[in-house]
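Asker: Give me the fold of what follows.
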Amino acid sequence: VTVAVLRRHQLTMAWLGDSRSVLGREDRKTGKLRAAQLTRDHNCDDMVEAARIRRCGGKVQQYYYCGRFVGPKRIWLKEPGQRTPGLMVSRSVGDEVAHSVGCIADPEMLEMDLTVRDKVLIVASDGVWDGISNQKAVDIAWACATAAEASRAVVDAALDGL
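Answerer: Just a heads-up that it's a prediction; the model follows:
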């Protein structure tokens with residue numbers, strides 16, 4: 001979940017879960033857009049998020065399949081034999097089992113002033129960011145004539161990258 005409110009030149013954002021926001025800002029020297037990640041990913045790779053889950057009785061590890069660990073780290077119950085919830089995000093809405101072991105629904109907040117150099121804002125889920133870098137997404141979006149065209153082009157590029 002991400003909410004972005006723009007009042008004059010001030011951007012206020014609140015987010016949780018598997019969404020990331022990236023700003024494309026024009027470099028003063030080169031004129032090229034540089035990607036700036038505005039939000040922090042809420043997943044089990046984040047040491048602060050993983051520590052909270054462990055403090056609350058959860059286990060953070062990859063999925064164990066056919067004798068080896070695969071995929072991204074996930075939240076698990078500590079009881080032996082439990083294979084739930086296996087949630088990849090460390091903050092979510094409505095997952096009562098994961099909430100019992102430290103997954104929270106508290107959003108993080110950001111306030112910043114935008115300038116005339118800020119040209120592109122991309123808000124997308126991890127499905128996009130798993131397949132494309134922040135910079136590539138900004139470059140693709142900026143090259144498009146409309147937001148709809150940019151959205152389609154970023155998604156297509158992300159799917160090609162998976």
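Asker: for the protein, what helix or strand is lowest in average pLDDT?
Answerer: Comparing every helix and strand of the chain by mean pLDDT, DSSP states H and E singles out strand 85-87 as the least confident one, with a mean of 86.
Asker: got the buried residues for that strand?
Answerer: Within strand 85-87, the residues that count as buried by 16 or more other C-beta atoms under 10 Å are 85, 87. For glycine as for every other residue, the C-beta is placed from the backbone atoms N, C-alpha and C.
Asker: Give me the contacts around the longest strand along the chain.
Answerer: If you go by DSSP state E, the chain has its longest strand at strand 68-77. Strand 68-77 is contacted by residues 43-45, 50, 53, 58-64, 82-88, 90, 97-98, 100-103 when judged by C-beta atoms under 8 Å, 6 or more residues apart in numbering.
Asker: and that strand, how far out from the chain's middle?
Answerer: Centroid separation for strand 68-77 versus its chain: 18 Å, with C-alpha atoms, centre = their mean, to the nearest Å.
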